[in-house]
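[1] Next come a sequence and a model predicted from it.
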Amino acid sequence: MESIHLKDASGAYRFAPLRRARFRLGATRPGLLPADEGAEVAFAGRSNVGKSSVLNLLCGQKGLARVSRTPGRTQAINIFDLDPGQRLVDLPGYGYAKVPGTMRRSWGDLLEQYMRRRRSLKAVVLIMDIRHAPSPIDLEMLDFARDCGHVIHVLANKADKLSRGAAQQCLRQMRGAAGLDDVDIQLFSALSGLGLEDLHRHMALWLGEAPSAPSQKHTPPGAGADSASSGTGHEPLA
Ligand code: GDP
């Protein structure tokens, strides 16, 4: 059996199926989405917030999310397969000023249907820029995901652009902001890798319970790396 938990060279915990992420398809209408089975986690955020960088870092594959940017796929829901029954979902970046109204509507419809109906969607990771207050469109997305009953996890990305103290202060402000007070928010940097281990732990928790995945021991986010590697063993990343 392939390993579920790995440690990288620094000994940090890694959820190994992410390493095996492969682009499957870009769905431009709900009928093209894979069967609503197993477990998936969707990533959302304004364009330029660092969503591709986060996905590439998370999966340890530099060019992974580039596929989402190829013409015709930027407005699609891009699906990446991990191990059987587990998927990563790259939602279209929002906030493009130049998208024509008709396109914006059809992509909004696709997103709306996806968020409302998708039972296999275990969590929505919403990426924001730590330096900026949440935009109205971020808050709209948050409210919508909340209304649909989804677990929401916010990455306060680009934390490397601030000093440690300033980042902590911005995090506190974000946590206290209207509309964000009840969601889980973590510091992140797609550049330095800050917060990466914590995100891997969350991914393991959300995706590890896919019915078709091999049974395994789960470790809640925040638990020690050593206990996370028990069960199926671990090995260094190549
Ligand atoms: P996307 O449009 O949301 O997919 O954003 P990209 O991943 O293409 O990133 C947009 C820009 O932000 C690029 O120049 C990235 O190098 C930069 N970027 C992304 N994440 C970070 C981060 O955590 N720190 C810093 N300093 N730059 C970042």
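    That came through fine.
[2] how close does G179 sit to L126?
    11 Å (C-beta to C-beta, to the nearest Å). (Each C-beta comes from the backbone N, C-alpha and C, glycine too.)
[3] Check L139 too.
    Distance of L139 to L126, given as C-beta to C-beta: 10 Å.
[4] who has more neighbours, these two?
    When neighbours are counted by other C-beta atoms under 10 Å, L139 and L126 differ, and L126 comes out ahead with 25 against 15.
[5] Count the neighbours of whatever residue of the chain ends up closest to the ligand for me.
    The ligand sits closest to G50 of the chain, with a gap of 2.8 Å, by C-beta to the nearest ligand atom. G50 is surrounded by 21 other residues when neighbours are defined as other C-beta under 10 Å.
[6] Grab the longest strand from this protein for me.
    The residue-count maximum for a strand in the chain (DSSP state E) belongs to strand 121-129.
[7] Sheet-wise, list the partners of that strand with their directions.
    In the sheet, strand 121-129 lines up against strand 39-45 (parallel), strand 152-157 (parallel) (DSSP bridges).
[8] mind putting those in CSV, distance to G193 and mean neighbour count included?
    Conversion of the strands paired with strand 121-129 to CSV gives the following (distance: least, C-beta to C-beta, whole Å; neighbours: other C-beta atoms under 10 Å):
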stretch, distance to G193, mean neighbour count
strand 39-45, 17, 24
strand 152-157, 12, 24
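[9] With distance to M115 and mean pLDDT as new columns, can those strands be given to me in TSV?
    Supplementary listing: the strands paired with strand 121-129 in TSV, determined by distance: least, C-beta to C-beta, whole Å; pLDDT from 0 to 100:
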stretch	distance to M115	mean pLDDT
strand 39-45	8	97
strand 152-157	11	98
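[10] Quick one: these as a markdown table, columns for distance to the ligand too.
    Supplementary listing: those in a markdown table, determined by distance: least, C-beta to the nearest ligand atom, whole Å:
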| stretch | distance to the ligand |
| --- | --- |
| strand 39-45 | 6 |
| strand 152-157 | 5 |
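[11] Thought P17 was touching L6, still the case?
    No. Under the criterion of C-beta atoms under 8 Å, L6 is not in contact with P17, lying 9.8 Å apart.
[12] Name the residues contacting each of those two.
    Counting by C-beta atoms under 8 Å, 6 or more residues apart in numbering, no residue touches both L6 and P17.
[13] For this structure, what lies in contact range of the ligand?
    Taking C-beta under 6 Å from any ligand atom as the test, the list of the chain residues beside the ligand reads 45, 47-53, 93, 157-158, 160-161, 189-191.
[14] Now, the residues you listed that are in helices?
    Cross-referencing the residues of the chain next to the ligand with the helices (criterion: DSSP state H) gives K51, S52, S53 as the overlap.
[15] how long is stretch 126-138 end to end?
    8 Å (C-alpha to C-alpha, to the nearest Å).
[16] Could I get the contacting residues of the closest residue to L91 other than its chain neighbours?
    For L91, ignoring the flanking residues on the chain, the nearest one in space by C-beta to C-beta, 6 or more residues apart in numbering is A44 at 4.4 Å. With contact taken as C-beta under 8 Å, 6+ apart, A44 is in contact with K51, L91, Y94, V124, V125, L126, I127, M141, A145.
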